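**Q** A structural model of the following input is requested.
(one chain, ligands or ions: 1)
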Amino acid sequence: MGAPYRGRFAPSPTGPLHAGSLVAALASWLDARRHGGVWGVRIEDVDTPRCVPGADRLILEQLARCGLVSDAPPVWQSARSALYRSALDRLVAQGRAYPCACSRKDIEQALAAQGRPRVRGQEAPYPGTCRDGLHGRPARAWRLRVPDGVVHWQDRRLGPRQQDVSHEVGDFVLLRADGLWAYQLAVVVDDADQGITHVVRGEDLADNTARQLLLQRALGVATPSYLHAPLVLGANGEKLSKQNGAQPLDLAEPLRALNEAAAVLGLPPQTGAVAAALAAWVARWPFLQSRGD
Ligand code: GLU
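**A** As a prediction, the model looks like this:
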């Protein structure tokens, strides 16, 4: 309320943009423009083993070919460790984060001992082993102490959503055992630091939102509004990704790529110049924010 609209597109530079990631980029840009807001690009390169050298520059070039240019210079998460460190220090000082000595195997054994065997294909919820101390074991990771209760939030496209994070996820990782900052911490700290008022991203990320709300509350920062855009599915029916055949966008034909992304968002095809096509879609943008949200 009141704060001027600030949106962002936050790609992980694990490869070039493909048809799926362009939908998220286009949706976030159109939403920002429709609300008269500012739009920025944040390169989410904290998970260094997954990053591909040069993919960041390529993504920025692909976006530019599609007429999607960051209003402020893009930022790289790899340059922002000090912010994540100070957020974690604050949480630790307040008793909201704690060190954890558990390996994956320790977690599975503890869950089995509690009669909560691991569900295939799902991340095992953390059973809380180190909540009350390490008992002499060495710290590996740092976790958020998740309060009990169901987290409710509203998605502008998906409607009301809820998740019992303490039960389904448990105390989640903020600083990983390999010394890398976890996505959840980096994204929440950056959205707050950059004054992001509206998060528009792919629906595959919707399940992270409840965790991010808890982290925002723990850090005492504002919660943006959320819109999770439809996904492009690969041949196997799962979210399009490099693993199931996504091709890098064809830079020679940006309007074709944009038209495909626009169709996923329910927008009609355009011909002519990229800038005119973007303007036509802004005018027809279907996901409008009601006043006062
Ligand atoms: N970097 C994340 C990804 O590419 C997106 C994070 C976000 O938009 O919150 O999947």
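
**Q** tell me how far the residue in the stretch 151-293 of the chain that the ligand sits nearest to lies from residue 251.
**A** Closest contact between the stretch 151-293 of the chain and the ligand, by C-beta to the nearest ligand atom, is at residue 201 (3.6 Å). Bear in mind the C-beta positions are built from the backbone N, C-alpha and C, glycine included. Distance of residue 201 to residue 251, given as C-beta to C-beta, to the nearest Å: 23 Å.

**Q** more neighbours, these two?
**A** Taking other C-beta atoms under 10 Å, residue 201 and residue 251 do not tie; residue 201 has more neighbours (25 against 15).

**Q** surely the more buried one meets residue 231?
**A** No. With contact defined as C-beta atoms under 8 Å, residue 201 does not reach residue 231; the gap is 10.6 Å.

**Q** and the residue lying farthest from the centre of the chain, which of the three is it?
**A** Residue distances from the centre of the chain (C-alpha atoms, centre = their mean) peak at residue 136, which lies 35.0 Å from the mean C-alpha position. Secondary structure of residue 136, reduced to three states by DSSP: H, G, I helix; E, B strand; the rest coil: coil.

**Q** which residues touch residue 16?
**A** 55, 58, 59, 62, 248, 249 (C-beta atoms under 8 Å, 6 or more residues apart in numbering).

**Q** now do the same for it: its pLDDT.
**A** In this prediction, residue 16 carries a pLDDT score of 94.

**Q** who in this structure is up against the ligand?
**A** Within reach of the ligand by C-beta under 6 Å from any ligand atom, the chain has these residues: 10, 11, 12, 44, 187, 201, 205.

**Q** now for the first one: which residues touch it?
**A** If a contact means C-beta under 8 Å, 6+ apart, then residue 10 has 41, 42, 43, 44, 187, 190, 201 as its contacts.

**Q** let's have these in TSV, adding distance to residue 241 and pLDDT.
**A** Output for the contacts of residue 10, formatted as TSV (distance: C-beta to C-beta, whole Å; pLDDT from 0 to 100):
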residue	distance to residue 241	pLDDT
41	20	98
42	20	98
43	18	98
44	16	98
187	19	98
190	23	98
201	15	98
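
**Q** ok, the residues you listed vs residue 87, which is closest?
**A** Among those, residue 190 lies closest to residue 87 (C-beta to C-beta), at 10.0 Å.

**Q** could you pull out the helices for the stretch 101-250 of the chain?
**A** 104-113, 165-168, 183-193, 209-219 (DSSP state H, counting those that start in this stretch).

**Q** so which of those is the most packed in?
**A** Comparing these by mean neighbour count (mean count of other C-beta atoms under 10 Å), helix 183-193 ranks first with a mean of 22.

**Q** from the ligand, how far off is the residue farthest from the centre of the chain?
**A** 37 Å (C-beta to the nearest ligand atom, to the nearest Å).

**Q** on the pLDDT front, check that residue for me.
**A** The model reports residue 136 with a pLDDT of 95.

**Q** distance of it from residue 101?
**A** Between residue 136 and residue 101 the computed distance is 9 Å (C-beta to C-beta).

**Q** check residue 248 too.
**A** Per C-beta to C-beta, residue 248 is found 42 Å from residue 101.

**Q** got the contact list for the one residue sitting closest to the centre of the chain?
**A** Closest to where the C-alpha atoms of the chain average out (C-alpha atoms, centre = their mean) is residue 205, at 5.7 Å. If a contact means C-beta under 8 Å, 6+ apart, then residue 205 has residue 228 as its contacts.

**Q** are we agreed that residue 279 is in a strand?
**A** No. Applying three-state DSSP, one finds residue 279 to be helix, outside a strand.

**Q** burial check on it, number of neighbours?
**A** Residue 279 - counted by other C-beta under 10 Å - has 13 other residues nearby.

**Q** and the gap between the residue nearest to the centre of the chain and residue 183?
**A** Per C-beta to C-beta, residue 205 is found 9 Å from residue 183.

**Q** with residue 102 instead?
**A** From residue 102 across to residue 183, the span is 19 Å (C-beta to C-beta).

**Q** quick revisit: which residue packs closest to the residue of the stretch 151-293 of the chain closest to the ligand, ignoring adjacent ones?
**A** With C-beta to C-beta, 6 or more residues apart in numbering as the criterion, residue 201 has its nearest non-adjacent residue at 5.3 Å, and that residue is residue 24.
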